[in-house]
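Colleague: Give me the fold of what follows.
(chains A, B, C and D, ligands or ions: 4)
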Amino acid sequence: MAELTYRAAIAHAIAQEMDRDPNVVLIGEDVGAAGGVFKLTEGLYERFGGDRVRDTPISEQAIVGAAMGAAMTGLRPVAELMFSDFFAVTWDMVANQIAKSRYMTDGQVTIPLVLRTANGAGLRFGAQHSQSIESWAMAIPGLKVVAPSTPADVVGLMAAAIRDDDPVIFCEHKALFAAKGEVPDGEHVVPLGRAAIVRDGRDCTVVALAAMVPKAVAAAERLAADHGIDAEVIDLRTLVPLDVDTVLASVEKTSRIFTVEENPRLLGWGAEIAAIVADEGFWSLDAPIGRITTPHIPLPSASTLEDLAVPSEDRIVSEIRRRMEAAR
Amino acid sequence: MAELTYRAAIAHAIAQEMDRDPNVVLIGEDVGAAGGVFKLTEGLYERFGGDRVRDTPISEQAIVGAAMGAAMTGLRPVAELMFSDFFAVTWDMVANQIAKSRYMTDGQVTIPLVLRTANGAGLRFGAQHSQSIESWAMAIPGLKVVAPSTPADVVGLMAAAIRDDDPVIFCEHKALFAAKGEVPDGEHVVPLGRAAIVRDGRDCTVVALAAMVPKAVAAAERLAADHGIDAEVIDLRTLVPLDVDTVLASVEKTSRIFTVEENPRLLGWGAEIAAIVADEGFWSLDAPIGRITTPHIPLPSASTLEDLAVPSEDRIVSEIRRRMEAAR
Amino acid sequence: MVDAVAATPDLDTALRIYRTMVECRDFETRAQELYFEGLVRGTTHLGVGQEAVAAGVAAVMRPDDWTFCTYRGHNHTLARGTPMGPILAELFGRGTGLLGGKGGSMHLTSVEHGVMGSYAIVGAHLPIALGAAWSAQYRGTEQVAACFFGDGTTNIGAFHEALNMAAVWKAPVVFVCENNRYMEYTPIASVTAVPRPAADRAAAYGLEAIVVDGNDPDAVYAAASTAFDRARAGEGPSLMEALTYRHGGHSRADPGKYRPDDEVAAWKARDPIPHYRERLLATGADAATLDAIEAESKAKVADAERFAREAPEPDPSVLETQVWADGGSSWRGPAHG
Amino acid sequence: MVDAVAATPDLDTALRIYRTMVECRDFETRAQELYFEGLVRGTTHLGVGQEAVAAGVAAVMRPDDWTFCTYRGHNHTLARGTPMGPILAELFGRGTGLLGGKGGSMHLTSVEHGVMGSYAIVGAHLPIALGAAWSAQYRGTEQVAACFFGDGTTNIGAFHEALNMAAVWKAPVVFVCENNRYMEYTPIASVTAVPRPAADRAAAYGLEAIVVDGNDPDAVYAAASTAFDRARAGEGPSLMEALTYRHGGHSRADPGKYRPDDEVAAWKARDPIPHYRERLLATGADAATLDAIEAESKAKVADAERFAREAPEPDPSVLETQVWADGGSSWRGPAHG
Ligand SMILES: Cc1ncc(C[n+]2csc(CCOP(=O)(O)OP(=O)(O)O)c2C)c(N)n1
Ligand SMILES: Cc1ncc(C[n+]2csc(CCOP(=O)(O)OP(=O)(O)O)c2C)c(N)n1
Ligand SMILES: [Mg+2]
Ligand SMILES: [Mg+2]
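Modeller: Ligands and ions are numbered 1, 2, ... in the order given. Now for the predicted structure:
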């Protein structure tokens, strides 16, 4: 076990896979000599050279398209989109080409690639540099979607994503870059599609992702300590594949469920969880399903406003408490 | 009253607004002299001239970006995206620029534009020319989303969309182009954000949109005639603003709800409806919420397969029947 | 104009080119008839009149080179040797179609023959072809990617990004613009700032302007030889503009009436196939050989039609296969157990 | 190079240009200090060293012309007369900031001053500026849109689409590439197929290649005069490339260490402000006037700092305003009544 930051875990994870497989290559803007604008790829250029770690022009369509073409012909490219908001610039490549080509060709092409991206709010970067786009990707058949909340999961899920034969959207949360955690020694792989129960509880289920996980856990501790509410917290870790079983089993136990989402209100991943539970878990439910989300607004840049927009520990506590008490 | 096809209603609606307001202009690929590849804008170029009806190169980012710049500076552009799938090529303009600029500038800019597009399946055009993208737009704060199911609504909602001071994504369903219906004489405007109850019923609520509306209505007639199930069918008409009240009032009456969606399974608009009802309408519900959707797959092109993929009248009947009977 | 002096196909190659053109023409002509019979479904985009480009470029390609083309991709798919029967069955939407009925005319792909896909969203495949070229470069295989697209495609962003990045990376990709003067129904000249939509942009990527008579397969062959040699030698991409014309409309039932009659007539008079026949006869081929090629082509098309007519509808079970590499489409995590 | 003969600013204009440059410099220098004090939040991108471009172009603009710029937009926003206080308050994330705290440094906008937005996703504003120009053209107002962007921006698709469509439509838009040699940390030359990322592409849109010394405000003024005249005369867009340099890093705390020391030193030695001061003194301005401008600038910045320091945090109630034109953010249909 070594303690790593979430930031360092990213380069560590990529290095682990580049060491293992010479077909793993990395491209993106400033990922090479500069080590990435968030220093997420530091040292990789020096270690693996310019052939395997390539800087690109500001050409997201070409970056992602090239990754696809390379993946179709034998490489396992990892491409960085500097901010997840920039997925919009290359959404055709992602949603129409990469996601659909295997199906359209009846399996003739295989597209093993990872699109990594700095996702989420917290740095006061405003509406165009702070979005959480994992729900955009979840809505597109043919994409796998991963969003780790800990350094260990960064390493384990990155390994699984790179080894996976399908395209994976890998969301690295900006607000977690400085977070520290233990990472197992040696090769570490966490299979896609398995949620983690990060806190056991009996009274309600709280489903969270990425930066919302530590907040949900902290909120759960306060709910337990201050209000006698024992929340089970689930870190989904991957949206596709989605670990429906873990969620349903938890709701069966708790009879109540909340989602904690950083994304805007409408059609965040929580809507899908709610819809699934309102169908497959309906008979377990004792109370309305609560979604704690950012309002349906673009994200503001001012720190005061950004902090108000994104679900906070306080808001999670008070919302769950209000609803749990109303339902009693 | 005159009978028009859905197709003809589009040009009719645009003409109505171009007549009314000289700031309404139309751009897009082949929209001018050629009258549109689906003949949706036929006659407009002849009637309003090349200054108001402009052909563009194949440059969706420029088309949509130009519409935004023009809208910010006094025009009311209507821009056509030939197929809704092409929104992906210009998603940055739509989701990051158009949707967010008013908020980011604290209201300094107003962006009254309409992005019209041929949406949906049914023509055997395959995965990249048959998508239903209204749910993509619904997930983006700052966009209004309209998807009419009848010629009258095409006219009335197009008028409202063009007159609206906010950006509107206007989805014209390919499978409905040939459908006929009565359109009121004279100026016809249908406000955004009002669903229509297209069939009254007591046993369950069926929420549909665009091409799924006539199928849902036909299915409801069969459910009533053959199985004694009296379904209320709601045509949402607009996803944003969303007429939550009409849906909740119906569920209060029926205690059961189904969505009928053409989009892939995960995070279609039905997930949002389900999530809202599982929260705000929870105490009305007597049974799980059922979503009838396309599987979570890209759309196949073969007619046999496409017909299997998209919800059919048969599937709607059997799914609602199965669930209604299970819950009895 | 690059003339045909640089590299000239030998007789065998020229006959191969002729065969390819004839087969493409016969296949598409019949496919269009079958469209009007209601057997070909969805949409089709014919390359009738443009065969010399597909045939001329394919003639310089190695079997392990890659073709990336558009919805107007029948010619390119055939030119690499993909069998006609499965293509036609795919156009019929049948289960034994090239893509099992999942892709249709606009997405023809035969990885086995180096046809890495037909792309239906304008411009998308230029970066993708560049990516394949990058992979060849990285692995040192000397494979080359050929990427075909239309004049209208030169105005979309992906074109620009791909050309620049390919040039910077010296990627072994040959971009071939088939300038048929129209983007769907709109004349390219009315929406493009320069007269030669591709060639007049080459300098923006540090590339040579290459314009070639796209109705002359030898000219195409010559230009392609140079471009492929350059790519294989590690000298980077090329962008060539082939001037040609589609005889018919843009797609399906489009009669192409937005085009002046005399323009259509002039180009039909320059039909690449009879012209090439003349040239072959003049340069040593005998008529019997050419007649045999033509007859064989007709027979192939007839066989393909038989295959397609007899092909079964897709089995409903395939609807949910091949979303993922495991062959399935489940979005749920593995069952706990 | 276009030299400064074509149009030369008269003394008043030259002084205005000087004032603009000095104010921009003083404002940004102080903003950077306040960033390190923790008062400026989020991110900032300074144009220190690049002021001559903003000042030279602004000097030819009419009050009703439009500016579209990037996240590196302080200079351009100031150059149009936007008051400093609200800009700085916006950088602080305060409620009386230019955008009420909703936009931040990267989105500065002052419609009142013709500043139609600072755009933070590379390339997006080129089509948008073209759209504004189209609207001016349609309404016959003779307004011109100026659109500023960096060298790195020339490699993204939106650049290509906007340039072509603007040229075809003869839209009154002036595209100004501020070539500061870097896209964030990567030298532009290493990712671009041509030496002059903008000018070497002009011909691809049928436009003249215009390269101008971006550290010489008179040269910028001259080139801009020609371009704006052309735009107003209905002759279409221009694309000019101004060679310049940012003294500091790309953003925030970036020290810009990826740049060779001698390169930085050489460009700092060509700092536009002291050079212009020299020229003004040499061509008729008196030192007292220039001193006064400098002192006034310092005072303005101090005032702005006071304003920003005293500015209140945004009221929580504004979080959900101004998504829609009705001022609100509700996504629900009107209540039934
Ligand atoms: C991004 C995008 N925009 C629009 C279309 C619709 N469309 C299909 S083909 C076509 C014309 C393409 O013209 P060109 O590139 O010249 O190719 P050609 O059809 O002449 O072979 C258009 C506009 C599309 N498929 N993708
Ligand atoms: C589409 C997109 N890709 C990447 C970025 C990240 N990014 C911000 S500024 C920048 C460099 C831009 O370089 P240039 O155009 O030369 O402008 P400069 O910053 O030098 O003024 C990059 C890559 C972005 N904002 N948008
Ligand atoms: Mg063409
Ligand atoms: Mg730069």
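
Colleague: C-alpha from now on. contacts and neighbour counts both.
Modeller: Will do.

Colleague: Does residue A:287 touch residue A:255 like I think?
Modeller: Yes: contact between residue A:287 and residue A:255 holds when scored by C-alpha atoms under 8 Å: they sit 7.4 Å apart.

Colleague: So for those two, which sits in the more crowded spot?
Modeller: residue A:255 (22 against 19; other C-alpha atoms under 10 Å in any protein chain shown).

Colleague: need the contact list for the more buried one.
Modeller: Going by C-alpha atoms under 8 Å, 6 or more residues apart in numbering or on different chains, residue A:255 touches A:203, A:204, A:205, A:284, A:285, A:286, A:287.

Colleague: Most neighbours among those residues, please name it.
Modeller: Counting by other C-alpha under 10 Å, top hit in those: residue A:205 with 29 neighbours.

Colleague: wouldn't that one be in contact with residue A:249 here?
Modeller: No: when contacts are counted by C-alpha under 8 Å, residue A:205 is not listed as touching residue A:249 (9.8 Å).

Colleague: Find the closest residue to chain B in the stretch 101-250 of chain C.
Modeller: residue C:102 (4.3 Å; C-alpha to the nearest C-alpha).

Colleague: That residue and residue B:300 touch, don't they?
Modeller: Yes: counting by C-alpha under 8 Å, residue C:102 does reach residue B:300; the two are 4.3 Å apart.

Colleague: What is the neighbour count of the nearest residue to residue A:290 once chain neighbours are set aside?
Modeller: Nearest residue to residue A:290 in three dimensions, chain neighbours excluded: residue A:258, at 4.7 Å (C-alpha to C-alpha, 6 or more residues apart in numbering or on different chains). Neighbours of residue A:258 under the rule other C-alpha under 10 Å: 25.

Colleague: looking at this, residue A:258 is in a strand?
Modeller: Yes: assessed by DSSP: H, G, I helix; E, B strand; the rest coil, residue A:258 belongs to a strand.

Colleague: Show me what it is bridged to.
Modeller: The partner list for residue A:258 in beta bridges (DSSP bridges) reads residue A:206, residue A:290.

Colleague: and the residue nearest the centre of chain C, what pLDDT?
Modeller: In chain C, the residue lying closest to the centroid (C-alpha atoms, centre = their mean) is residue C:76, at 3.1 Å. Residue C:76 is assigned a pLDDT of 98 by the prediction.

Colleague: Need phi/psi at it.
Modeller: phi -70, psi -30 (degrees, to the nearest 10).

Colleague: How many neighbouring residues does the nearest residue to it once chain neighbours are set aside have?
Modeller: Once flanking residues are discounted, residue C:76 sits nearest to residue C:54: 5.2 Å by C-alpha to C-alpha, 6+ apart. Residue C:54 has 30 neighbours, counted by other C-alpha under 10 Å.

Colleague: residues touching residue C:54, list them.
Modeller: Residue C:54 touches C:21, C:75, C:76, C:79, counting by C-alpha under 8 Å, 6+ apart.

Colleague: let's go with 10 Å and repeat that
Modeller: C:17, C:20-21, C:24, C:47, C:69, C:73-80, C:148, C:176, C:178, C:214, C:217, C:220-221 (C-alpha atoms under 10 Å, 6 or more residues apart in numbering or on different chains).

Colleague: Looking at those residues, which are in helices?
Modeller: The helices, defined by DSSP state H, take in C:17, C:20-21, C:24, C:74-79, C:217, C:220-221 from the contacts of residue C:54.

Colleague: Among those residues, which pair sits farthest apart?
Modeller: Spanning the widest gap among these are C:74 and C:221, at 19.1 Å by C-alpha to C-alpha.

Colleague: shaky segments in the stretch 201-337 of chain C?
Modeller: Across the stretch 201-337 of chain C, the ranges flagged by pLDDT under 70 are C:337.

Colleague: Please list all residues in contact with residue 71.
Modeller: With no chain named, the answer covers chain A. A:23-24, A:65, A:77-78, A:98, A:109-114, A:165-167, C:128, C:131-132, C:135 are the contacts of residue A:71 under C-alpha under 10 Å, 6+ apart.

Colleague: let's do chain C instead
Modeller: C:43-47, C:104-108, C:117-122, C:149, C:251.

Colleague: Buried subset of those residues as a PyMOL selection?
Modeller: Restricted to buried positions by 16 or more other C-alpha atoms under 10 Å in any protein chain shown, the PyMOL selection for the contacts of residue C:71 reads:
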select buried, chain C and resi 43+44+45+46+47+104+105+106+107+108+117+118+119+120+121+122+149+251
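
Colleague: Tell me which of the contacts of residue C:71 fall in strands.
Modeller: The members of the contacts of residue C:71 that map onto strands under DSSP state E are C:117, C:118, C:119, C:149.

Colleague: Just the ones in helices from the contacts of residue A:71, please.
Modeller: Filtering the contacts of residue A:71 for helices - DSSP H - leaves A:65, C:128, C:131, C:132, C:135.

Colleague: any chance of those residues in TSV, plus neighbour count, distance to ligand 1 and pLDDT?
Modeller: Formatted as TSV, the ones in helices among the contacts of residue A:71 follow (neighbours: other C-alpha atoms under 10 Å in any protein chain shown; distance: C-alpha to the nearest ligand atom, whole Å; pLDDT from 0 to 100):
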residue	neighbour count	distance to ligand 1	pLDDT
A:65	31	14	98
C:128	34	15	99
C:131	33	19	98
C:132	34	21	99
C:135	30	25	98
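
Colleague: Residue B:9: which of the residues you listed is nearest?
Modeller: residue A:65 (38.6 Å).

Colleague: Report the contact partners of the closest one.
Modeller: Applying C-alpha under 10 Å, 6+ apart, the residues contacting residue A:65 are A:59, A:71, A:79, A:90, A:92-94, A:97-98, C:124-132, C:158, C:161-162.
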